[in-house]
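Enquirer: Okay, structure incoming, though there's no sequence with it:
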């Protein structure tokens, strides 16, 4: 049973470009969470999605950031017009249900904005 | 505001020694507390999960304690190994509507085990 997959593992973008981060949850998991980790900082919650629904996006910036988890395919975190401050590690986690407190994390995508 | 504070920020110990990491939180009402291990360049991996009624839980050489009254937790590592070198993260979730189910992460304790 493959774990949570994220790709790409490393992504370099120039200011103003778009970044697309992908997350495939563990098999059987329909709940996905995105977190951002800045250097020397703890992980910060961004968004919680269930298949085809955004459950909670209270941690996601209102502008330039969006997330989706379609019926088929991976969850996508999209950052438009990236700025240097977006440089961080972005982690995805999945769980089988909302009530399951165990979240399984992917290896992360390290975004560098030049 | 929900906060999770961890101490020490970093710790260096010799292989074979024991160590204890601390976590204080303000999340209320409390639902659960988790300890994760995060190796450099990897995602966090769950070590233990504790709910309100549990005050001790072990996972191999890792033993977590919880005092829900004082809102404190500790992670004790016994007979440390080089592979224990990692960041250890304390994560606390609350119960709506007073608290939030969204987990609050501590900044982690960076542990380095020297041979």
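Expert: Yes, it's here. All of these numbers come straight from a predicted model, not from anything done at the bench.
Enquirer: Enumerate the residues of chain B near chain A.
Expert: By the criterion of C-beta under 8 Å from any C-beta of the partner chain, the positions of chain B lying close to chain A are B:4, B:31-32, B:34, B:36, B:41-46, B:49, B:89, B:93, B:102-103, B:105-108. Quick note: C-beta positions are derived from backbone N, CA and C, even for glycine.
Enquirer: Show me these that map onto strands.
Expert: The subset of these located in strands under the criterion DSSP state E comprises B:4, B:31, B:32, B:34, B:36, B:45, B:46, B:49, B:89, B:93, B:105.
Enquirer: so what's the spatially closest residue to the fourth one that is not a sequence neighbour bridging to?
Expert: This means residue B:34. Once flanking residues are discounted, residue B:34 sits nearest to residue B:91: 4.4 Å by C-beta to C-beta, 6 or more residues apart in numbering or on different chains. With DSSP bridges as the criterion, residue B:91 is bridged to residue B:34, residue B:105.
Enquirer: Residue A:95 now?
Expert: Counting by DSSP bridges, residue A:95 is bridged to residue A:31.
Enquirer: okay, residue 7: pLDDT?
Expert: No chain specified, so I'll use chain A. According to the model's per-residue confidence, residue A:7 sits at a pLDDT of 96.
Enquirer: meant chain B actually
Expert: So residue B:7 comes in at 96 (pLDDT).
Enquirer: for residue B:98, same thing?
Expert: According to the prediction, residue B:98 has pLDDT 68.
Enquirer: residue contacts, the closest residue to residue B:40 other than its chain neighbours?
Expert: Across the structure, with C-beta to C-beta, 6+ apart as the measure, the residue nearest residue B:40 apart from its sequence neighbours is residue B:86 (7.3 Å). By C-beta atoms under 8 Å, 6 or more residues apart in numbering or on different chains, the contact list for residue B:86 reads B:37, B:38, B:39, B:40, B:110, B:111.
Enquirer: how about a cut-off of 6 Å?
Expert: In this structure, residue B:86 makes contact with B:37, B:38, B:39, judged by C-beta atoms under 6 Å, 6 or more residues apart in numbering or on different chains.
Enquirer: Tell me, how many residues neighbour the last one?
Expert: Think residue B:39. 13 (other C-beta atoms under 10 Å in any protein chain shown).
Enquirer: Report the contact partners of it.
Expert: Contacts were defined as C-beta under 6 Å, 6+ apart; by that measure residue B:39 touches residue B:86.
Enquirer: Swap in 8 Å and give it another go.
Expert: Under the criterion of C-beta under 8 Å, 6+ apart, the contact list for residue B:39 reads B:45, B:86, B:87.
Enquirer: Quick check: the first one touching residue B:35?
Expert: No. The pair residue B:45 and residue B:35 does not pass the contact test of C-beta atoms under 8 Å, sitting 10.0 Å apart.
Enquirer: right, and residue B:23 touches residue B:73 too?
Expert: Yes. Counting by C-beta under 8 Å, residue B:23 sits close enough to residue B:73 to count as a contact (4.4 Å).
Enquirer: Identify the contacts common to the two.
Expert: A shared contact of residue B:23 and residue B:73, defined by C-beta under 8 Å, 6+ apart, is any residue touching both; here these are B:33, B:35, B:90.
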